[in-house]
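Novice: Model the following, please.
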Amino acid sequence: MSKWEALCVCRAFFLVYYYDLVYDLDICSVVLTVYTGGNMEKNTDFFMYSMHDEEQKRLSNQRETSYIAFLDILGFKNMVIDDIEKVILTLRQVRGFCVSSYGYAKNERGTRNEIEQDNPAVTMFSDSIVISAPVWRWYLHEFVDLISNLQFFLLVNGVLIRGGIDIGEVFHDENYVFGKGIVDAYLIESHISKYPRIVVSNRALRYSMDDLDESFDAYIADALKWSNKLDMVLDGVEELYIHDIFEYITRDKHGIYYLEYLMKGARESDDETLPEDLSAIRNTIDEGLLSHDESVKEKYIWLDHYFNRVYYNDSKFSITEQDEYNKEEERLKKIFKNNIELADAFERGN
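Specialist: Model prediction:
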């Protein structure tokens, strides 16, 4: 990359960041990540790009059906203004977690060899994180398992995230991430999630359960061709196929499914560190409850109720909460009425 190209890239990122910060824009449908290496355009004369060149065909033909998570770091704008060091640390922690959990350092799915293509792809941009994994390789319970761990890890470190998970077509490599699936996941994050939770669409859940059943049936049918003893065929295989996705998610009073990250985080935490982790989460909640910004405070009120339900089995439903329930129910009805994409994703007929 020449000095001139580097200067143009830096200027472009500055402008995007500036407008995102000042005007609170949501840049979600197409994210372009620029590297000094990797699988960039072989033809550097961009005036010659066309709808029929090889790169155009590659980008068009290598989209694949994937599970997609669109995650948003809450309070990121204020973090940038007040504590840039925390911003840097948070982004490093997200990347480090992904490298450690997914076993890769660069997301180049679609351009890598077959083994590397097994891994999910991750792109971070400002306060947004996009994670995608092809359905031919990843079951949904595996996908949400890793994301739940990420959400719990960040919360222990004082960072709240919100998100949406859906299924759809996507192209995701080290240079580009685009596709309808990303837009749909973003719509869930921005319209449905509302609180520090990661909502899973009914569409993704239904596909996951059907896919798991078909995979298991296909395995049994194929295995029985070689052995007529079913107990031998099933030996050790149940662990691969018999997974209840509902062990990883919970359902709210409005029928919306989201990741059960507090419960899962507690189950998988070390006995020695769990009290310290819960204390850190409690402190984060208590600080958030003191906020004078009502839109911020309501997120911590929700998290406080969730925390008490999981760790203290406190699920009391007060008159005030009944009022909030009615307001949220009306909000969701209006969203599903006006947005056919979200209505389809959550199987809510208009």
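
Novice: Flag every buried residue along the helix or strand that contains residue 153.
Specialist: Residue 153 belongs to helix 140-156 when assigned by DSSP states H and E. For helix 140-156, the neighbour count (16 or more other C-beta atoms under 10 Å) marks 140-141, 143-156 as buried. Bear in mind the C-beta positions are built from the backbone N, C-alpha and C, glycine included.

Novice: How far off centre is that helix?
Specialist: 9 Å (C-alpha atoms, centre = their mean, to the nearest Å).

Novice: Could I get the average pLDDT for that helix?
Specialist: For helix 140-156, mean pLDDT is 91.

Novice: now swap in stretch 295-312 and tell me
Specialist: Per-residue scores along stretch 295-312 average to 92.

Novice: same question, stretch 207-219
Specialist: The model assigns stretch 207-219 a mean pLDDT of 64.

Novice: quick one: residue 300 from residue 325, how far?
Specialist: With distances taken as C-beta to C-beta, to the nearest Å, residue 300 is found 18 Å from residue 325.

Novice: right, I mislabeled it, should have said residue 301
Specialist: With C-beta to C-beta as the criterion, residue 301 and residue 325 are 13 Å apart.

Novice: Which of the two has more residues huddled nearby?
Specialist: Using other C-beta atoms under 10 Å, the more surrounded residue of residue 301 and residue 325 is residue 301, with 17 against 14.

Novice: Please name the spatially closest residue to the more buried one (chain neighbours excluded).
Specialist: In this structure, residue 301 finds its nearest non-sequential neighbour in residue 289, 6.9 Å apart by C-beta to C-beta, 6 or more residues apart in numbering.

Novice: pretty sure that neighbour is touching residue 300, no?
Specialist: Yes: with contact defined as C-beta atoms under 8 Å, residue 289 counts as touching residue 300 (5.0 Å).

Novice: if we can go back for a sec, can you say which two of the buried residues of helix 140-156 are spatially most distant?
Specialist: 140 and 156 (24.5 Å; C-beta to C-beta).

Novice: how about the helices in the stretch 1-150 of the chain?
Specialist: Ranges of helices in the stretch 1-150 of the chain, per DSSP state H, counting those that start in this stretch, are 3-23, 54-61, 76-82, 84-102, 140-156.
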